[in-house]
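Colleague: test case, fold it:
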Amino acid sequence: MSSSPRTDLPVRSGQARWRDPAGWSLRTRLIAIMVVLLALLGLVVGATAEFPLHRVLYSQVDRQLQQAASRPPPGDLDKREDGGHRFDARSVQAPNALSATIVGGAVPTVLVFDGSATPDRTPTAAVAATLLRVPVGTAPRSYTLPELGTYRLVARHYPDGSIVVTGLPMSDTNNTLYLVAAVVGGVIVLMLVAAGWGGAVIIRRTLRPLSRVAATASRVSELELDRGEVDLAQRVPAADTDARTEVGQVGAALNRMLDHVGNALRARHNSEMQVRQFVADASHELRTPLAAIRGYAELSRRSRQPVPDEVGHVLRRVESEAQRMTALVEDLLLLARLDAGRPLAHEPVDLTALVVDAVSDAHAAGPRHDWQLDVPEEPVTVIGDAARLHQVLSNLLANARTHTPEGTTVTVAVAASDHSARIRVTDAGPGIPAGLQPHVFERFARGDSSRSRAAGSTGLGLSIVHAVVSAHEGTVTVASEPGGTEFTVRLPLAPVPSAGMVPAGRTAATGLG
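Modeller: Next up is the predicted model:
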């Protein structure tokens, strides 16, 4: 089980999240839904108020216009030079009323009565062209007259054959409709702002229990669940586990899940402890018989009595395998002790001298490899166990020697940066297969599937490296490709030593020996 968060999900920018409602928080979506519903409701209410008012106002104008158009001219009709008649539209009780008389399809003279004794003449061609298009005998319609604005017009025949077009301005009516629409729209906007603010406060308070449940889950997710004894003491408060509410159901379900996970982790830990104890006990008990086997094999070879060649070969093989098995038992015992958290030595260690000694030993074990050193002039000191750190270097160098052909260059570099010491072991060998790299630090991880021991590898060397480095609060990583492999060990730097302190592991070695 791992507590690390998922990293396979695509990371979206903030702008993309706001464009996609699926990336919104539950609080934001609830507020957005509420505001949208209220906006729709406000539009319905506004349209319900605006459309009837539009119909009522236009109906009033149409009735007034029909009455004016059907009323006969007062008194005698005044003859004009072109044979037309002038209809006195002052009978229409409205300012800026319009009247036009059309005789024989000629261009009419347009009269606009603004309440004065003499009407204004506006015989523009654009206005006249619009008036000539007004159908006779139909219901009033709205037209836009250049320079005059929107008018409601109706045309009627008179007994002398002329056509009289009567019109009323719609400016006051339209202004009334616009005012009502603006007032309704303003009220809707204010209502949405108030509802959004109030809804945000109410939803935030309502979702507080869910936030507490999420906080509990977040605290649990930060725990290290992959190793050691885990105490899942985090639980959702009882006030947030009421089964009558949805949030309470989630909280209760999370508590039940944490109980099951805690029981499983305890069972796993107990099983691991039993296995570790068994490995430690078995390794410890096997050391004595293995030492006896090696001793008797060596004693038999030193006997004064002649030993047949075949028996001698068998005894040498027995002693060799006993030595290999002893090394395996020692490695298993070390891993069991590290798993059990046995304390290591805690003293200053000079990595520079340690690397020089380890490379000198590797040069003696593999003289046909090209061993290179890259160490600083100043010592690089860490706090730890010198013997175990020497074993880390020995295992890394043995790994490079074992899995690379003779003549391969192996470089060991030591450096200090960013409050940490860095050891790099680089070889120019064939590299580690890509499928094996994520598992190289696992126990008994091997590069071949035949489990061959021809190379003398037990598959525990790199796992010991990882365990020892982790016990020193450091990290070890690997990067490999055909033609090169690099292991990097990082350890915390030791504080500046006081005068007279001699780091452990400091020797007079300056070469490869």
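Colleague: pLDDT below threshold where in the stretch 51-200 of the chain?
Modeller: Filtered on pLDDT under 70, the stretch 51-200 of the chain yields the residue ranges 71-94, 104-123.
Colleague: using the three-state scheme, assign the nearest residue to residue 468 once chain neighbours are set aside.
Modeller: The spatial neighbour of residue 468 that comes closest, neighbours along the chain excluded (C-beta to C-beta, 6 or more residues apart in numbering), is residue 388 at 4.7 Å. C-betas here are computed from N, CA, C, even on glycine. When the structure is reduced to helix, strand and coil (DSSP: H, G, I helix; E, B strand; the rest coil), residue 388 reads as helix.
Colleague: would you map the helices across this structure?
Modeller: Under the criterion DSSP state H, the chain carries helices at the ranges 14-19, 26-70, 125-132, 171-206, 208-221, 246-301, 309-339, 351-365, 386-402, 461-471.
Colleague: what residues are up against the closest residue to residue 440 other than its chain neighbours?
Modeller: Setting aside the residues directly before and after it, residue 440 is nearest to residue 462 in space (C-beta to C-beta, 6+ apart), at 5.3 Å. Taking C-beta atoms under 8 Å, 6 or more residues apart in numbering, we find residue 462 in contact with 395, 396, 399, 440, 441, 445.
Colleague: domain boundaries for this structure, per the record?
Modeller: For the chain, automatic domain parsing gives the domain ranges 21-71+81-206, 225-342, 347-447+457-492.
Colleague: Throw these into a markdown table and include distance to residue 212, thanks.
Modeller: A markdown table is the format used below for the domains of the chain (distance: least, C-beta to C-beta, whole Å):
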| stretch | distance to residue 212 |
| --- | --- |
| domain 21-71+81-206 | 12 |
| domain 225-342 | 5 |
| domain 347-447+457-492 | 34 |
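Colleague: ok, and which of the ones you listed has the densest surroundings?
Modeller: Each of these was given a mean neighbour count from mean count of other C-beta atoms under 10 Å, and the largest, a mean of 18, is that of domain 347-447+457-492.
Colleague: now do it, average pLDDT.
Modeller: The average pLDDT within domain 347-447+457-492 is 87.
Colleague: end to end on it, go ahead and measure it.
Modeller: The straight-line separation of the ends of domain 347-447+457-492 (C-alpha to C-alpha, to the nearest Å) is 13 Å.
Colleague: give me the distance from it to the chain's centre.
Modeller: Centroid separation for domain 347-447+457-492 versus its chain: 36 Å, with C-alpha atoms, centre = their mean, to the nearest Å.
Colleague: check contacts around the residue nearest to residue 468.
Modeller: For residue 388, the residues meeting the contact criterion (C-beta under 8 Å, 6+ apart) are 344, 345, 468, 471, 472.
Colleague: how many neighbours does the first one have?
Modeller: In other words, residue 344. The local packing of residue 344 (other C-beta atoms under 10 Å) involves 17 other residues.
Colleague: how near is the closest residue to it other than its chain neighbours to residue 471?
Modeller: Closest residue to residue 344 apart from its sequence neighbours, by C-beta to C-beta, 6+ apart: residue 385 at 4.0 Å. Look at residue 385 and residue 471: by C-beta to C-beta, to the nearest Å, they are 8 Å apart.
Colleague: now do residue 297
Modeller: 35 Å.
Colleague: hey, what's in contact with both of residue 385 and residue 471?
Modeller: Between them, residue 385 and residue 471 share these contacting residues under C-beta under 8 Å, 6+ apart: residue 344.
Colleague: residue 142: which of the helices of the chain is closest?
Modeller: The closest approach between residue 142 and any of those, judged by C-beta to C-beta, belongs to helix 26-70 at 8.4 Å.
Colleague: which elements pack onto the closest one?
Modeller: Helix 26-70 makes packing contacts with strand 149-157, strand 163-169, helix 171-206 when contacts are defined by 3 or more C-beta pairs under 8 Å, 6 or more residues apart in numbering; DSSP states H and E.
Colleague: could you check how far residue 391 is from residue 338?
Modeller: With distances taken as C-beta to C-beta, residue 391 is found 11 Å from residue 338.
Colleague: please read the previous query as pertaining to residue 224.
Modeller: Residue 224 sits 17 Å away from residue 338, taking C-beta to C-beta as the criterion.
Colleague: before we move on, the earlier item: ok, the residue nearest to residue 344 - contacts?
Modeller: If you count contacts by C-beta under 8 Å, 6+ apart, residue 385 has them with 344, 345, 346, 347, 349, 468, 472.
Colleague: rewinding a little: mind putting the helices of the chain into a markdown table with distance to residue 480?
Modeller: Converted to a markdown table, the helices of the chain look like this (distance: least, C-beta to C-beta, whole Å):
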| stretch | distance to residue 480 |
| --- | --- |
| helix 14-19 | 37 |
| helix 26-70 | 46 |
| helix 125-132 | 87 |
| helix 171-206 | 52 |
| helix 208-221 | 32 |
| helix 246-301 | 29 |
| helix 309-339 | 23 |
| helix 351-365 | 19 |
| helix 386-402 | 11 |
| helix 461-471 | 12 |
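Colleague: of all these, which lies closest to residue 164?
Modeller: Across the helices of the chain, residue 164 has its closest neighbour in helix 26-70 (7.2 Å, C-beta to C-beta).
Colleague: specify the stretch among the domains of the chain that is closest to residue 213.
Modeller: Ranking these by distance to residue 213, with C-beta to C-beta as the measure, places domain 225-342 first at 4.8 Å.
Colleague: what's the spacing between that closest one and its chain's center?
Modeller: In terms of C-alpha atoms, centre = their mean, the gap separating the centre of domain 225-342 from the centre of its chain is 38 Å.
Colleague: re the thing from before, pick out the most distant pair among the contacts of residue 388.
Modeller: For the contacts of residue 388, the maximum inter-member distance is 11.6 Å, found between 345 and 468 (C-beta to C-beta).
Colleague: hang on, residue 261 packs against residue 232?
Modeller: Yes: under the criterion of C-beta atoms under 8 Å, residue 261 makes contact with residue 232 at 6.3 Å.
Colleague: so what's the closest residue to residue 334 other than its chain neighbours up against?
Modeller: Ranked by C-beta to C-beta, 6+ apart and with sequence neighbours excluded, the top spatial neighbour of residue 334 is residue 464, at 6.2 Å. Shown here is residue 464, whose contacts under the criterion C-beta under 8 Å, 6+ apart are 331, 334, 335, 391, 392, 395.
Colleague: quick revisit: how far away is the residue nearest to residue 344 from residue 392?
Modeller: 10 Å.
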